[in-house]
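K.L.:
Just need the structure, nothing else, for what follows:
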Amino acid sequence: MSDDLRASLPDPAPRPLPVAPPEATSSGSFRAAFSSGRALRTEVLAGLVVALALVPEAIAFSIIAGVDPRIGLFAAFTMAVTISFVGGRPAMISAATGAVALVVAPVMRDHGLDYLVATVILGGIVQVVLGVLGVARLMRFVPRSVMTGFVNALAILIFTSQLPHLFGDKVTADNRWWIYALVVVGLAIIVLLPRWTRVVPAPLVAIVLITAAALLGGLDVPTVGDEGELPQSLPTLVFPDVPLNLETLRIIAPSALAMALVGILESLMTAKLVDDITDTHSNKTRESWGQGVANIVTGFFGGMGGCAMIGQTMINVKASGARTRLSTFLAGAFLLALVVGLGDVVATIPMAALVAVMIMVSVGTFDWHSARPSTLRRMPRSETAVMLATVAVTVATHNLAYGVGVGVVVAAVLFLQRVAHLTTVTRLDASDADDERVYAVDGELFFASSNDLVDQFDYAGDPHRVVVEMSRAHVWDASTVAALDAVQHKFAQHGKTVEFRGLDPDSAARLDRLAGRLGAGH
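P.N.:
Residues are numbered from 1 along each chain as shown. Modelled structure (predicted):
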């Protein structure tokens with residue numbers, strides 16, 4: 001380039017400086033919670049509401065895992081407090097969860113509590129390793145349709161998990177209508193109160209008023225105390241009494257690996273959802289290894305392990321407006337104070353109050369726009385199919401990891417199917433030489449699109465020299481190189497030569513490295 005031409009060009013735009021994510025600044029830190037009295041009040045009340053909602057959930061997940069309710073409650077406390085310091089997504093709630101409970105339940109059933117604790121500790125170690133190795137970067141491969149399916153399935157699971165409290169064994173002919181009435185009142189409070197004031201979170205007001213009404217009216221309705229015994233003492237450090245040998249590793253390793261993967265996946269999906277709601281970014285790598293640290297701490301305190309909880313996180317972030325780590329820390333601290341110091345009071349809270357809170361959480365979590373007929377008509381069928389597959393598998397298995405995994409696979413298959421048909425081979429007649437035929441290949445060449453490449457040429461009718469112009473194509477894999485080898489071999493069988501022209505450097509390097517070494521056509 002000449003000096004005159006260079007001088008006539010505008011100066012290149014300066015590179016933007018990298019922007020630190022919120023966790024690298026103070027926006028989601030503990031300090032931010034004390035920036036104003038209003039912010040502090042919001043964080044404190046949010047933590048209290050979440051703590052109340054955690055009690056029945058932790059007890060229920062303990063039953064799923066086959067452990068004493070105290071194990072689940074202690075896990076909720078240690079997970080929430082630990083992740084408030086080491087997590088990468090401020091205001092996200094981590095505690096004992098159903099997905100982790102389902103994974104570790106067989107270990108508890110077949111080998112006992114010590115092996116379960118060892119599984120939790122090993123699972124935490126695996127999460128730390130995966131986090132350090134950058135497994136969080138895999139989130140870029142989760143399409144939006146899978147994310148939408150994940151959110152909708154989560155809303156459905158949150159709602160259906162409340163049905164036993166409305167139609168279960170503890171709902172009798174004598175108390176059925178009182179339970180339904182309390183739920184309706186709770187829903188009305190949560191919906192209508194924010195229209196007048198947001199000073200106090202509506203879910204907390206609903207819990208307090210419904211509890212007071214049930215006590216003053218002497219209503220015989222199911223309460224938190226009916227879900228299981230609450231602990232009377234603080235958690236203590238323990239070390240699992242298991243042999244440190246390969247046999248123990250054989251027993252706990254499969255469940256520990258499954259727990260690590262399920263926990264990271266659910267936590268990263270929940271973190272991404274909170275990012276969208278708050279319009280901020282989070283450190284997914286830190287969240288990955290932070291979950292591992294929290295599970296290790298939980299294991300050494302005899303807990304059952306856990307991960308991010310979408311329902312309680314939505315209560316904290318969406319319903320209560322929390323934005324900092326303080327709300328997460330206080331959720332754990334309040335939980336321990338409530339079940340140990342005020343266990344008798346917490347035990348009197350009607351389950352109907354918490355059911356009302358969770359129903360509104362499910363309504364707020366569901367992406368109603370994605371289910372509108374107008375949206376479904378506008379969206380490509382493949383996108384809708386991916387969303388429905390994610391929802392169906394998640395709801396059927398009650399495992400978010402399975403649903404997301406199937407959704408990603410279905411999305412990948414449908415994407416490859418679409419891309420495979422975008423590759424074309426065109427015969428050009430612009431060559432000046434009579435003994436030369438030119439073809440142009442357009443598109444991305446990989447295993448799904450290059451399979452039919454061999455059938456696109458006239459091996460018998462073409463002249464002795466054939467040129468394949470590939471300046472508008474890209475060779476991505478060995479399958480394509482094998483297909484090009486087969487094309488070259490078929491032309492050679494007819495005594496003709498073929499030249500692949502215009503390859504970009506990456507494609508040319510791949511072809512030079514693999515051509516003739518894959519056995520194609522021989």
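K.L.:
packing partners for the strand or helix carrying Ser479?
P.N.:
Using DSSP states H and E, Ser479 maps to helix 478-493. Counting by 3 or more C-beta pairs under 8 Å, 6 or more residues apart in numbering; DSSP states H and E, the packing neighbours recorded for helix 478-493 are strand 465-475, strand 497-501, helix 505-514. For the C-beta atoms, the positions are set from N, CA and C on the backbone; glycine is no exception.
K.L.:
now that helix against strand 465-475, angle please.
P.N.:
Here helix 478-493 runs at an angle of 180 degrees relative to strand 465-475 (axes from the mean of the first three to the mean of the last three C-alpha atoms, to 10 degrees).
K.L.:
What residues sit buried inside helix 478-493?
P.N.:
Buried positions in helix 478-493, judged by neighbour count with 16 or more other C-beta atoms under 10 Å: 478-488, 490-491.
K.L.:
how many neighbours does Asp512 have?
P.N.:
Neighbour count of Asp512, defined by other C-beta atoms under 10 Å: 11.
K.L.:
Can you list phi and psi of Glu436 for me?
P.N.:
phi -130, psi 140 (degrees, to the nearest 10).
K.L.:
dump the residue contacts of it.
P.N.:
463, 465-467 (C-beta atoms under 8 Å, 6 or more residues apart in numbering).
K.L.:
Quick one: buried ones out of those?
P.N.:
465-467.
K.L.:
most tightly surrounded among the helices and strands packed on helix 478-493?
P.N.:
Mean neighbour count (mean count of other C-beta atoms under 10 Å) peaks for strand 465-475 among the helices and strands packed on helix 478-493, with a mean of 19.
K.L.:
Quick one, which of the helices and strands packed on helix 478-493 gets closest to Ala385.
P.N.:
Checking the helices and strands packed on helix 478-493 against Ala385 by C-beta to C-beta gives strand 465-475 as the closest, at 27.7 Å.
K.L.:
Columns distance to Leu193 and pLDDT on top of the contacts of Glu436, output as JSON lines?
P.N.:
Formatted as JSON lines, those follow (distance: C-beta to C-beta, whole Å; pLDDT from 0 to 100):
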{"residue": "Pro463", "distance to Leu193": "83", "pLDDT": "88"}
{"residue": "Arg465", "distance to Leu193": "81", "pLDDT": "90"}
{"residue": "Val466", "distance to Leu193": "77", "pLDDT": "91"}
{"residue": "Val467", "distance to Leu193": "75", "pLDDT": "91"}
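K.L.:
Greatest separation within these: which pair is it?
P.N.:
Farthest pair in the contacts of Glu436, by C-beta to C-beta: Pro463 and Val467, 10.4 Å.
K.L.:
any common contacting residues for the two?
P.N.:
436-437.
K.L.:
follow-up on the earlier one: out of the helices and strands packed on helix 478-493, the one nearest Trp368 is which?
P.N.:
For these, the distance to Trp368 is smallest for strand 465-475, at 40.6 Å, taking C-beta to C-beta.
K.L.:
how much does the closest one deviate in direction from strand 497-501?
P.N.:
Using the same axes, to 10 degrees: strand 465-475 against strand 497-501 is 40 degrees.
K.L.:
Show residues contacting strand 465-475.
P.N.:
With C-beta under 8 Å, 6+ apart as the test, strand 465-475 has contacts from 423, 428, 431, 433, 435-445, 457, 481, 484, 487, 491, 496-504, 506-507, 510-511.
K.L.:
re earlier: quick one: which of the contacts of Glu436 is nearest to Lys284?
P.N.:
Val467 (47.7 Å).
K.L.:
What about the residue lying closest to the closest one once chain neighbours are set aside, how many residues nearby?
P.N.:
The spatial neighbour of Val467 that comes closest, neighbours along the chain excluded (C-beta to C-beta, 6 or more residues apart in numbering), is Val438 at 4.7 Å. Neighbourhood size, Val438 [other C-beta under 10 Å]: 18.
K.L.:
pLDDT at Val438, what is it?
P.N.:
For Val438, the pLDDT comes out at 90.
K.L.:
mind saving the C-alpha coords of stretch 389-401 as CSV?
P.N.:
Taking Å, rounded to 0.1, in the frame of the first residue of the first chain, the C-alpha atoms of stretch 389-401 are listed here in CSV:
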residue,chain,number,x,y,z
ALA,A,389,-38.5,-31.8,23.4
THR,A,390,-36.7,-30.1,26.2
VAL,A,391,-40.0,-29.5,28.1
ALA,A,392,-41.2,-33.1,27.5
VAL,A,393,-38.1,-34.8,28.6
THR,A,394,-37.6,-32.6,31.6
VAL,A,395,-41.1,-33.0,32.9
ALA,A,396,-41.1,-36.7,32.2
THR,A,397,-37.9,-37.4,34.0
HIS,A,398,-38.0,-34.5,36.6
ASN,A,399,-34.4,-34.0,35.6
LEU,A,400,-33.4,-30.7,34.1
ALA,A,401,-30.0,-32.1,32.9
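K.L.:
How far off centre is that stretch?
P.N.:
Centroid separation for stretch 389-401 versus its chain: 12 Å, with C-alpha atoms, centre = their mean, to the nearest Å.
K.L.:
Pull the residues that contact that stretch.
P.N.:
So stretch 389-401 is contacted by 98-99, 102, 145-146, 148-150, 152-154, 156-157, 160, 261-262, 265-266, 269, 402-404, 406-407, 410 (C-beta under 8 Å, 6+ apart).
K.L.:
for stretch 247-255, same thing?
P.N.:
Residues from elsewhere that reach stretch 247-255, judged by C-beta under 8 Å, 6+ apart: 103-104, 106-107, 111, 115, 118-119, 122-123, 242.
K.L.:
contacting residues for Ala347?
P.N.:
By C-beta under 8 Å, 6+ apart, the neighbours of Ala347 are 223-225, 230.
K.L.:
What segments of the stretch 251-400 of the chain are strands?
P.N.:
With strands called from DSSP state E, counting those that start in this stretch, the stretch 251-400 of the chain shows them at 307-308.
K.L.:
With the stretch 51-200 of the chain instead?
P.N.:
94-95.
K.L.:
Check the chain and tell me which residue is nearest its centre.
P.N.:
When the chain is reduced to its mean C-alpha position, the closest residue under C-alpha atoms, centre = their mean turns out to be Met269, at 2.2 Å.
K.L.:
For that residue, give me the pLDDT.
P.N.:
Predicted confidence (pLDDT) for Met269: 83.
K.L.:
returning to that earlier point: just the buried residues from the contacts of stretch 389-401, in PyMOL please.
P.N.:
Selection of buried members from the contacts of stretch 389-401 for PyMOL, criterion 16+ other C-beta under 10 Å:
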select buried, resi 98+99+102+145+146+148+149+150+152+153+154+156+157+261+262+265+266+269+402+403+404+406+407+410
